[in-house]
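[1] Show me how the following folds:
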Amino acid sequence: MAASPVPSPSFTTAEPQALKPFYNQSADWKECGDFECATVEAPRNYDQPDAGTVQLALLKRAADNQDERLGSLFVNPGGPGVSGNSYAKLAEALFTQPVLEHYDIVGWDPRGVGDSTSISCMTDSETDTYYETDGTPDDQAEVRELVRVNEQFTKGCVADDADLIPQLGTFSSARDLDILRSAVGEPRLNFFGASYGTELGAIYAELFPKRVGRMVLDAALDPAVTSNGLSKGQLRGFQRATESFIDDCIARRGCAVGPTQDAAEQQIADLLASIDQSPLPTQSGRPLTESLATTGMISAMYSEASGWPSLRLGLSQALNGDGTVLLALADAYAERNNDGTYASNVNSAFPAISCTDRPGSSSVATAKQQIPAYEEISPIFGRTFAWGAVGCRDWPVKKGDFPTKVIAEGADPIVVVGTTRDPATPYSWSVRLARSLQNGVLVSRNGDGHTGYNAGNTCVDNAVDKYLVAGETPANPTIC
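    Next comes the predicted model:
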């Protein structure tokens, strides 16, 4: 596939005087194992650029073919709160060879995350409690405990860095990204974002449409979605994914649930109710609570290839009184190590950024009122998602930046990839975002699992690769 140069913008990128020192930076790359690392500064508060800075950590995997290098491809895996540096380290597993040949893959930890200026709200033991606590309280004592744990989380964030909290939102991160683009010497931003990374990319395009180069948004989180719409949309996605998992399971010999869809759903719901009353033992000695079991099941839905086989085994074990595999799935989701430590600060950054973006309506009364509507969407996960509203109850930010309709007027074509049975970011969000963008192009993958690129569909991969490498915009829509 012949590489096509990424065009330079034909406009002046003048910056406000107060931001010039940040835009005048140049990333000082240093050897970092098999990669290169750098640190760039951005304003802590864009409304007060002189009032302190945040440090942004970058990691680069150099293009394999430097003679035909097209530039830097910034990548973000979503979350929010997941490390972009860790994502870039996995580039050889995440991107196809044509992309690796022609682009430096550049990841960065957004503000609040990982090796950048980060937020830390819980100790390891507090994080254990956070995940173990009953997320579907049955009485007032359990409600008080759920509220207490979330209050403790907020207090921990405030104690760590109260001034950073209002600055954790996606709009600030998108402005950081433009400073990073400048620091690595790119006139336009070439970008690949997955999951929440699509919202970050979309907001960048809205703020800086003329600086958009080649942008792929895979598994879109539509910025126009409200807090309640986000919860209900994801609940529908996980319910749909669960139904697909069950259909696949009962078609196999030895499926632990079934033999019908309805019977299997009832068995899973009954299993969770039973675990709620009596947590299951595990080989590690840590009990599997209902909350951890639910997290494990949700975790498995992200990948048909790796998650579904583990969930089949986990359900079989759990129905026989052993919670080991479901606990392992929950721990993988939370990035918990075997020694009880956590591999990153994602469990602080994810809620902190989410609550700053979409504080939502988060009272106990609201959660209780939402239960019937949520259970109608998903009898298995409905109560968990309804009570999730309590998470931002005491958050110090009361008005977020979302919902926001994104048009990106004047931007070059932006490719949006949507998977029809995506559990975490429903396909309808990709459709809506592609339509909302003035120059959006929808590439649809008929399948299961979260994200669509490099997931075994040659049609999707070819469409994205031709766009990124040769500059060929896919037909709108492209159905794979």
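
[2] how about the strands in the stretch 51-200 of the chain?
    Listed in chain order, the strands of the stretch 51-200 of the chain (DSSP state E, counting those that start in this stretch) span 53-61, 71-76, 103-108, 189-194.

[3] How is the chain divided into domains?
    Residue ranges for the structural domains of the chain, counted by automatic domain parsing, are given in the record as 29-118+169-225+404-479, 120-163+226-334+360-394.

[4] winner for burial among these?
    Comparing the domains of the chain by mean neighbour count (mean count of other C-beta atoms under 10 Å), domain 29-118+169-225+404-479 ranks first with a mean of 21. To be clear about C-beta, it is placed using only N, CA and C from the backbone, and glycine gets the same treatment.

[5] ok, back up a step: save the strands of the stretch 51-200 of the chain as a markdown table, and put in distance to residue 377 and mean pLDDT too.
    Formatted as a markdown table, the entries for these read as follows, by distance: least, C-beta to C-beta, whole Å; pLDDT from 0 to 100:
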| stretch | distance to residue 377 | mean pLDDT |
| --- | --- | --- |
| strand 53-61 | 38 | 98 |
| strand 71-76 | 29 | 98 |
| strand 103-108 | 35 | 98 |
| strand 189-194 | 25 | 98 |
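
[6] possible to save those strands as CSV with distance to residue 315?
    Converted to CSV, the strands of the stretch 51-200 of the chain look like this (distance: least, C-beta to C-beta, whole Å):
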stretch, distance to residue 315
strand 53-61, 38
strand 71-76, 33
strand 103-108, 35
strand 189-194, 28
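
[7] So for residue 350, which of those sits nearest?
    Set against residue 350 and scored by C-beta to C-beta, the strands of the stretch 51-200 of the chain come closest in strand 71-76, at 13.8 Å.

[8] What residues does the nearest residue to residue 311 once chain neighbours are set aside make contact with?
    Counting by C-beta to C-beta, 6 or more residues apart in numbering, the nearest residue to residue 311 once its immediate chain neighbours are dropped is residue 300, at 3.7 Å. With contacts defined as C-beta atoms under 8 Å, 6 or more residues apart in numbering, residue 300 is in contact with 245, 307, 308, 310, 311, 314, 329.

[9] and which of those residues is nearest residue 122?
    Ranking these by separation from residue 122, with C-beta to C-beta as the measure, puts residue 329 on top at 20.8 Å.

[10] Next, the contact list for the closest one, please.
    Going by C-beta under 8 Å, 6+ apart, the list of residues near residue 329 reads 295, 296, 297, 299, 300, 307, 310, 311, 314.

[11] Please repeat the previous calculation with a cut-off of 6 Å.
    With contacts defined as C-beta atoms under 6 Å, 6 or more residues apart in numbering, residue 329 is in contact with 296, 299, 300, 310.

[12] helix or strand right after the helix or strand hosting residue 330?
    Secondary structure assigned from DSSP states H and E places residue 330 in helix 324-334. Taking DSSP H and E as the definition, the helix or strand that follows helix 324-334 towards the C-terminus is helix 346-357.

[13] ok and that following helix relative to helix 324-334, angle-wise?
    Inter-element angle recorded for helix 346-357 and helix 324-334: 60 degrees (by axes from the mean of the first three to the mean of the last three C-alpha atoms, to 10 degrees).

[14] Just the CA atoms of the helix or strand that comes right after helix 346-357, as CSV, please.
    Counting by DSSP H and E, the element after helix 346-357 in chain order, helix or strand, is helix 364-377. As requested, the backbone C-alpha atoms of helix 364-377 are provided in CSV (Å, rounded to 0.1, in the frame of the first residue of the first chain):
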residue,chain,number,x,y,z
VAL,A,364,-29.9,8.2,46.6
ALA,A,365,-33.5,9.1,45.8
THR,A,366,-32.8,9.3,42.1
ALA,A,367,-31.0,6.0,42.1
LYS,A,368,-34.1,4.3,43.8
GLN,A,369,-36.5,6.0,41.3
GLN,A,370,-34.4,4.7,38.3
ILE,A,371,-34.4,1.0,39.4
PRO,A,372,-37.6,-0.1,37.7
ALA,A,373,-36.7,1.5,34.3
TYR,A,374,-33.1,0.1,34.5
GLU,A,375,-34.3,-3.4,35.5
GLU,A,376,-36.6,-3.4,32.5
ILE,A,377,-33.6,-2.8,30.3
